[in-house]
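J.: give me a 3D structure for the following:
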Amino acid sequence: MSVDSKEFHEKLEQARADARTVCADKGEGSPECAAAWDVVEEMQAEVSHQHEAPEKSSFDKYVEENPDAPEARIYED
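T.: Residues are numbered from 1 along each chain as shown. Now for the predicted structure:
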């Protein structure tokens with residue numbers, strides 16, 4: 001499931017609602033409350049992670065700096 005999908009965002013909103021309910025029932029300092037918010041944080045971290053640009057490899061940087069190098073050639077089938 002893509003983090004940009006409507007389904008993912010609905011699950012994230014449901015996780016937030018569940019966390020609020022658990023914390024209201026069990027108390028703000030309860031282990032259950034902490035665990036419920038951990039789920040929300042993990043989902044939010046996944047969204048953040050998915051939107052990061054992947055770091056370029058040394059080879060990719062080399063090819064950008066040296067587009068005429070033999071290693072930069074692209075052969076089509």
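
J.: how much space separates the residue nearest the centre of the chain from residue 55?
T.: Nearest residue to the geometric centre of the chain (Cα atoms, centre = their mean): residue 46, 2.3 Å. Residue 46 sits 18 Å away from residue 55, going by Cβ to Cβ, to the nearest Å. In short, each C-beta sits where N, CA and C put it, glycine included.

J.: then residue 6?
T.: From residue 6 over to residue 55 (counting by Cβ to Cβ), the distance is 29 Å.

J.: for residue 29, same thing?
T.: According to Cβ to Cβ, residue 29 stands 39 Å off from residue 55.

J.: so how many other residues sit close to residue 12?
T.: By other Cβ atoms under 10 Å, 17 other residues sit near residue 12.

J.: what's the answer for residue 10, then?
T.: 10.

J.: before we move on, what about residue 44?
T.: 14.

J.: dump the residue contacts of the nearest residue to it once chain neighbours are set aside.
T.: Among residues not flanking residue 44 along the chain, residue 12 sits closest, at 7.2 Å (Cβ to Cβ, 6 or more residues apart in numbering). Applying Cβ atoms under 8 Å, 6 or more residues apart in numbering, one finds that residue 12 lies in contact with 40, 43, 44, 47.
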